[in-house]
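Asker: Kindly generate the corresponding structure for this input.
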Amino acid sequence: MEGYCVKCKAKKEIKAPKAIIMKNGKPATSGTCKTCGTKMFRIGKA
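Answerer: The predicted structure is shown next:
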């Protein structure tokens, strides 16, 4: 799965993606950037 890394300022592959449910009940995916290790977050189904 791909997401936007704020630190790298580019779309990158999400390392160890984990499907989560936000407080409002919508699905999302969280993980880390493969390049720099910054937390990444993507809203929507995995």
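
Asker: I figured Glu2 was touching Ala10, is that so?
Answerer: No. Between Glu2 and Ala10 there is no contact under Cβ atoms under 8 Å: 10.2 Å. All C-beta atoms are positioned from the backbone trio N, CA, C, and that covers glycine.

Asker: ok, the residue nearest to Ile21 when sequence neighbours are not counted - contacts?
Answerer: Among residues not flanking Ile21 along the chain, Pro27 sits closest, at 6.1 Å (Cβ to Cβ, 6 or more residues apart in numbering). Applying Cβ atoms under 8 Å, 6 or more residues apart in numbering to Pro27 gives the contacts 19-21, 43-46.

Asker: One more pass at 7 Å, please.
Answerer: 19, 21, 44-46 (Cβ atoms under 7 Å, 6 or more residues apart in numbering).

Asker: Quickly note the distance from it to Phe41.
Answerer: 12 Å (Cβ to Cβ, to the nearest Å).

Asker: Name the nearest residue to Ser30, sequence neighbours excluded.
Answerer: Phe41 (5.1 Å).
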